[in-house]
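A.B. asks: missing the sequence, but the structure's below:
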C-alpha cells in the first residue's frame, strides 16, 4: 500500500539528508530490495531496474537520484524504511553514502 503524501515527503527528506542527491552502492541495492551486490549486478545486466541507474566517470558502481528511489519506495509502501524499525537505522551510515563500494 503506497504511503500517504506526508509520509512519502518525510521519506524523501530523510533519504536526501542521509545520502545527498545521489545514492549508490549498498544503500541503493538494499533500497531496491536486492539482498546482495551480485543480485543487484544481475538486475542491472538484465535491465530490470525499477528506476534509472547510471555510472559516473571516475567512480565505481552505479548510482541513482535519491528522490527517484524515495518516490519508488513510497509507491510500494516503504515498510522497511520507517524510523521506528531498527533495521532501517542499524545500517545507516555504514556504507559509503555515495556508493563507493564496488556495486556495478
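C.D. replies: Now that the structure is in, tell me what you want to look at. What you see is a predicted model; the values in this text were computed from it and never measured. Residues are numbered from 1 along each chain as shown.
A.B. asks: need the pLDDT of residue 3.
C.D. replies: With respect to pLDDT, residue 3 has a value of 83.
A.B. asks: that one and residue 9 touch, don't they?
C.D. replies: No: counting by Cβ atoms under 8 Å, residue 3 stays clear of residue 9, with 9.0 Å between them. For glycine as for every other residue, the C-beta is placed from the backbone atoms N, C-alpha and C.
A.B. asks: how many neighbours does residue 62 have?
C.D. replies: 22 (other Cβ atoms under 10 Å).
A.B. asks: quick one: residues contacting the residue lying closest to it once chain neighbours are set aside.
C.D. replies: Excluding the flanking residues, the one nearest residue 62 by Cβ to Cβ, 6 or more residues apart in numbering is residue 53, at 4.4 Å. By Cβ atoms under 8 Å, 6 or more residues apart in numbering, residue 53 lies in contact with 28, 44, 62-64.
A.B. asks: just the buried ones from the residues you listed, in ChimeraX syntax?
C.D. replies: Here is the ChimeraX selection string for the buried members of these, based on 16 or more other Cβ atoms under 10 Å:
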select :28,44,62,63,64
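A.B. asks: now, the contacts of residue 53 that are in helices?
C.D. replies: Applying DSSP state H to these, the entries found in helices are 28, 44.
A.B. asks: any chance of the contacts of residue 53 in TSV, with pLDDT too?
C.D. replies: Output for the contacts of residue 53, formatted as TSV (pLDDT from 0 to 100):
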residue	pLDDT
28	97
44	96
62	97
63	98
64	98
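A.B. asks: possible to save the contacts of residue 53 as TSV with distance to residue 16?
C.D. replies: Shown next, in TSV, are these (distance: Cβ to Cβ, whole Å):
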residue	distance to residue 16
28	14
44	23
62	19
63	14
64	13
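A.B. asks: of the contacts of residue 53, just say which sits nearest to residue 22.
C.D. replies: residue 63 (4.8 Å; Cβ to Cβ).
A.B. asks: the closest residue to that closest one other than its chain neighbours: how many residues sit nearby?
C.D. replies: The shortest distance from residue 63 to any non-neighbouring residue, by Cβ to Cβ, 6+ apart, is to residue 24 (4.0 Å). Residue 24 is flanked by 27 other residues according to other Cβ under 10 Å.
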